[in-house]
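**Student:** Sequence and predicted structure, then a few things I'm wondering about:
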Amino acid sequence: MFVLRQCLTLGTKSSIRNFSATTNLVNLTINEDTGVAIMELNKPPVNSLNYELLEAMHRTLVKLENEKCPGMILTSSSRSTFSAGLDLLEMYKPTVDKARRFWSMLQNTWIKLYSTPYPTVAAINGHSPAGGCLLAMSCEHRIMVPDKMIGLNETQLGIVAPQWFQDCMRNIIGERQAEKALIAGRMFTSEEALKIGLVDELATDKEDLMQKAHDFLDEQMGLPPLARSVVKVGFRKDTLSKLINGREADIKMFLDNVFQPKVQESLENYIQMLKKK
Ligand SMILES: CC/C=C\C/C=C\C/C=C\CC/C=C/CC(=O)SCCNC(=O)CCNC(=O)[C@H](O)C(C)(C)COP(=O)(O)OP(=O)(O)OC[C@H]1O[C@@H](n2cnc3c(N)ncnc32)[C@H](O)[C@@H]1OP(=O)(O)O
């Protein structure tokens, strides 16, 4: 359930409704004039994607779909990080039930985000590794602030990016670039990401980022919405169907991997390394 927290009127022209998931992990702001939604991830310090954050995102996406949202900006309340990707603690010594529930919610959230009929833009105001990059890649347009890092770094952690993560990257930067990036687990600077098309625009700062995101949505919202969404979903349907039809196999892949002693050992070392930093 969503709780109406406050109703703000900004200036005379536009009014903004602020909603928040009960957990406060996602701040949702809806402009009452344009209907544009800003979905801000708010799990300090780095928006690591645990079950609760994914569930709050999923609930927000369902709400936006039900309310016929015309356009959405995905961003983060953190100054350093858009999202640090999957929460490593969810994968460290979980029970089978917990691991299954977590992965299933990740699938639910991605399917909803990737298939929205309305235009989506990632306003990437910080680092965006692994699952963070997946979220950004699932939007239609990506704008990033300078001097941050983005990419699917799984190989560098000794794990393999799931097929649907890989497909998202391939769909954006093409077969050859995706193959090279995925084999190396390469993280790109904002500037490198722009060069290979992993992001579409750079912004100078957060204000410029949000302005550019609104500009993108204004342009998209000027198009006939049904035709727009049919083309979008048409482009994405093969990637979506692959996961939707293979959800159980994908969960099994995750469970088979996550419980490997070697994987648990690397996870423990990685968590320790991040904590000591
Ligand atoms: C090694 C993994 C092994 C096994 C996985 C298991 C199964 C495999 C099967 C399939 C899964 C494959 C798919 C995986 C996709 C993923 O998303 S995996 C996650 C990958 N993420 C990363 O590699 C990012 C790690 N984090 C960073 O590089 C930096 O934190 C970041 C650049 C994002 C921000 O830097 P900075 O602002 O300096 O912050 P800190 O590094 O100081 O971090 C602050 C605190 O946050 C904790 N933290 C960081 N990232 C995560 C995370 N992903 N999950 C949980 N916690 C995280 C960090 O430990 C600090 O905690 P502290 O404040 O010290 O307690």
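**Tutor:** Happy to help now that I have it.

**Student:** ok, which stretches of the stretch 101-250 of the chain are strands?
**Tutor:** Shown for the stretch 101-250 of the chain, the strands assigned by DSSP state E, counting those that start in this stretch span residues 120-124, 128-129, 141-144, 149-151, 188-189, 201-202.

**Student:** closest one to Leu255 among those strands?
**Tutor:** strand 128-129 (22.8 Å; C-beta to C-beta). Every C-beta, even on glycine, is put in place using the N, C-alpha and C of the backbone.

**Student:** Any residue of that closest one touching the ligand?
**Tutor:** Yes: using C-beta under 6 Å from any ligand atom, strand 128-129 reaches the ligand at Pro129.

**Student:** contacts for that strand?
**Tutor:** With contacts defined as C-beta atoms under 8 Å, 6 or more residues apart in numbering, strand 128-129 is touched by 81-85, 135-136, 144, 148-153, 187.

**Student:** Any chance of a markdown table for the strands of the stretch 101-250 of the chain, columns distance to Asn31 and mean pLDDT?
**Tutor:** Below are the strands of the stretch 101-250 of the chain laid out as a markdown table (distance: least, C-beta to C-beta, whole Å; pLDDT from 0 to 100):
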| stretch | distance to Asn31 | mean pLDDT |
| --- | --- | --- |
| strand 120-124 | 14 | 98 |
| strand 128-129 | 25 | 98 |
| strand 141-144 | 18 | 98 |
| strand 149-151 | 27 | 98 |
| strand 188-189 | 32 | 98 |
| strand 201-202 | 21 | 98 |
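
**Student:** can I get those in JSON lines with mean neighbour count?
**Tutor:** Shown next, in JSON lines, are these (neighbours: other C-beta atoms under 10 Å):
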{"stretch": "strand 120-124", "mean neighbour count": "29"}
{"stretch": "strand 128-129", "mean neighbour count": "28"}
{"stretch": "strand 141-144", "mean neighbour count": "26"}
{"stretch": "strand 149-151", "mean neighbour count": "24"}
{"stretch": "strand 188-189", "mean neighbour count": "18"}
{"stretch": "strand 201-202", "mean neighbour count": "18"}
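
**Student:** okay, the ones you listed in a markdown table with distance to Gln211 next?
**Tutor:** Shown next, in a markdown table, are these (distance: least, C-beta to C-beta, whole Å):
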| stretch | distance to Gln211 |
| --- | --- |
| strand 120-124 | 10 |
| strand 128-129 | 20 |
| strand 141-144 | 10 |
| strand 149-151 | 20 |
| strand 188-189 | 22 |
| strand 201-202 | 11 |
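
**Student:** Flag every residue of this protein that's near the ligand.
**Tutor:** 45-46, 48, 80-81, 84-89, 91, 127, 129-131, 153-154, 157, 159, 161-162, 254, 257-258, 263, 266-267, 270, 274-275, 277.

**Student:** run the last query once more with 5 Å
**Tutor:** Residues of the chain lying near the ligand by C-beta under 5 Å from any ligand atom: 45-46, 48, 80-81, 84-88, 91, 127, 129-131, 157, 159, 257-258, 263, 266-267, 270, 274-275.

**Student:** Out of those, list just those in strands.
**Tutor:** Those of these mapping onto strands are Pro129, per DSSP state E.

**Student:** From the residues of the chain next to the ligand, keep the buried residues only.
**Tutor:** 46, 48, 81, 84-88, 91, 127, 129-131, 157, 159, 258, 263, 267 (16 or more other C-beta atoms under 10 Å).
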